[in-house]
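>>> How does the following fold in three dimensions:
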Amino acid sequence: MNTSFQRLPSLSASFPAHNEEDNVEAMLESLLESLPQLAERFEIIVVDDGSRDRTYERASAFAERDPRIRVIRHDVNRGYGAAVWTGLAAGTMDHAFFTDGDRQFEISQLADLIPLIEDYDVVVGYRQNRQDNFVRIANAHAWNWLIRTLLHVPVRDVDCAFKLFRRDVLRDLHIASGGAMFSAELLARLVARGARIVEVPVRHLPRERGTSSGGNPRVIARAFRELFALYGELRA
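Numbers count the residues shown, from 1 in each chain. Got it, this is the predicted structure:
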């Protein structure tokens, strides 16, 4: 897709990791392979969200060999959104990018987002040929419709974990949701600020290692409570 690629002057790339010991080292290797072609300067931030396996130990050992990598640890599991926000907030570079730690995206596709960040504040990926089961895809369609309708977020795949931001649009932003509502709240608050948002298609890969933690009924119920609370706040 990219026809006018350029490198960013500086980039903070972050990802959350919860019980991803089988993925975290390969994820870091993928970032280190791609980012030198994508940014003049970069840092990588791993947020271990209270893992009970060896995710933190493996990430920390990897970071000891490369000063461009930082590992932040949540002593207890705070939730997906909280881990993503910790990574975004910890960044020091002019642009911020986050993805997931399960290796379902190709880091090299960030090259398709970069040209658009000159004219937009946020560039959001949307998953082509999404590699999830039918029920999860159907639920996602309904959720995205609800977010567009209630919060007026102009994207088709709000939870796609492949997003690039100008650093300045994230400053002084308060995000209350630490769970599944995180991306919806983040984008809704940015829309309320007048941020310019555009979408780009990205390939979605099947998870090869580890187990997805999505679909917990309590997490879903919490997301709906937070959605309607945010709707009331923004409407007021």
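>>> Wait, a strand at residue 97?
Yes - according to DSSP: H, G, I helix; E, B strand; the rest coil, residue 97 belongs to a strand.
>>> May I have the helix or strand in which residue 136 is found exported as CSV, CA atoms only?
Assessed by DSSP states H and E, residue 136 sits inside helix 134-151. Written as CSV, here are the backbone C-alpha positions of helix 134-151 (Å, rounded to 0.1, in the frame of the first residue of the first chain):
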residue,chain,number,x,y,z
PHE,A,134,-17.2,-16.6,13.8
VAL,A,135,-18.6,-15.7,17.2
ARG,A,136,-15.8,-13.3,18.1
ILE,A,137,-16.0,-11.6,14.7
ALA,A,138,-19.8,-11.2,14.9
ASN,A,139,-19.5,-9.8,18.4
ALA,A,140,-16.8,-7.4,17.2
HIS,A,141,-19.1,-6.1,14.4
ALA,A,142,-21.9,-5.4,16.9
TRP,A,143,-19.5,-3.7,19.3
ASN,A,144,-18.0,-1.5,16.6
TRP,A,145,-21.5,-0.5,15.4
LEU,A,146,-22.3,0.5,19.0
ILE,A,147,-19.2,2.5,19.4
ARG,A,148,-19.7,4.4,16.1
THR,A,149,-23.4,5.0,17.0
LEU,A,150,-23.0,6.1,20.7
LEU,A,151,-19.5,7.6,20.8
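>>> helices or strands next to that helix in the packing?
helix 182-192, helix 217-235 (3 or more CB pairs under 8 Å, 6 or more residues apart in numbering; DSSP states H and E). (Each C-beta comes from the backbone N, C-alpha and C, glycine too.)
>>> now these in TSV, with mean pLDDT, distance to residue 207 and mean neighbour count?
Below are those laid out as TSV (pLDDT from 0 to 100; distance: least, CB to CB, whole Å; neighbours: other CB atoms under 10 Å):
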stretch	mean pLDDT	distance to residue 207	mean neighbour count
helix 182-192	96	19	22
helix 217-235	84	18	14
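>>> I'd like the distance from stretch 180-194 to the chain centre, please.
Averaging C-alpha positions (CA atoms, centre = their mean, to the nearest Å) puts stretch 180-194 13 Å from its chain's average.
>>> Let me see the contact set for residue 224.
Counting by CB atoms under 8 Å, 6 or more residues apart in numbering, residue 224 makes contact with nothing.
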